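# curious how this folds, go ahead:
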Amino acid sequence: MVTLNINGRDMQVDADDSTPVLWALRDNLNMTGTKFGCGAALCGACTVHLNGAPVRSCVTPIAAAVGQKITTIEAMEADKVGKAVQDAWVRHDVPQCGYCQSGQVMSATALLRTNKAPSDADIDSAMSGNICRCGTYQRIRAAIKDAAKTLA
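Reported below is the predicted structural model:
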């Protein structure tokens, strides 16, 4: 049994230390907002925050998360920055199929926590590795800029 701090709550997970955080969230805790995409940290669909930094949960073992703070998409509604990002996503009609969006929102939220007025290059760098098969990258960039203005 392993204790993980997820969205501000300590939760017990009955899994091997090498189990990826993604599977602990989805399979053990039934938290399905974090998506499985590629399983190799290449697409960003599984992005969560570990102590505020975006990480790919499909390759992060739970052993690396013990004693850390994991934040998932489920906590964004109650988070000022996360809520601003989600609201901007809606205003800019970002999602199409929606599959990548939880990872996109998590990466955008992490960016705006550290950079209040990101440039296009800052956004491109922070969002690198978050793949959107529908190609909504221009809307993603516009939504991030809109969220930044809202938070200013």
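
# how about the residue nearest to the spatial centre of the chain, what does it touch?
Centroid-nearest residue in the chain: residue 106, 2.6 Å away (criterion: Cα atoms, centre = their mean). Residues near residue 106 by Cβ atoms under 8 Å, 6 or more residues apart in numbering: 47, 48, 49, 54, 71, 72, 73, 76. Bear in mind the C-beta positions are built from the backbone N, C-alpha and C, glycine included.

# which one of the residues you listed is nearest residue 98?
residue 73 (11.6 Å; Cβ to Cβ).

# got the contact list for that closest one?
Residues in contact with residue 73, defined by Cβ under 8 Å, 6+ apart, are 33, 34, 48, 102, 105, 106.

# same thing with residue 69?
So residue 69 contacts 5, 8, 49, 50, 51, 52 (Cβ under 8 Å, 6+ apart).

# the chain - how does it break down into domains?
Using automatic domain parsing, the domains assigned to the chain come out as 2-74, 76-151.

# now do the end-to-end distance for the shortest one.
Read it as domain 2-74. Its first and final residues considered, domain 2-74 spans 21 Å by Cα to Cα, to the nearest Å.

# next one: the last one
Using Cα to Cα, the gap from the first to the last residue of domain 76-151 comes to 15 Å.

# pLDDT on that domain, on average?
In this model, domain 76-151 has a mean pLDDT of 96.

# next, format the contacts of residue 73 as CSV and append secondary structure and distance to residue 90.
Listed next are the contacts of residue 73 as CSV, based on DSSP: H, G, I helix; E, B strand; the rest coil; distance: Cβ to Cβ, whole Å:
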residue, secondary structure, distance to residue 90
33, coil, 16
34, coil, 20
48, strand, 21
102, helix, 14
105, helix, 11
106, helix, 16
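
# quick one: which of these is nearest to residue 144?
Among these, and counting by Cβ to Cβ, the member closest to residue 144 is residue 105, at 10.0 Å.
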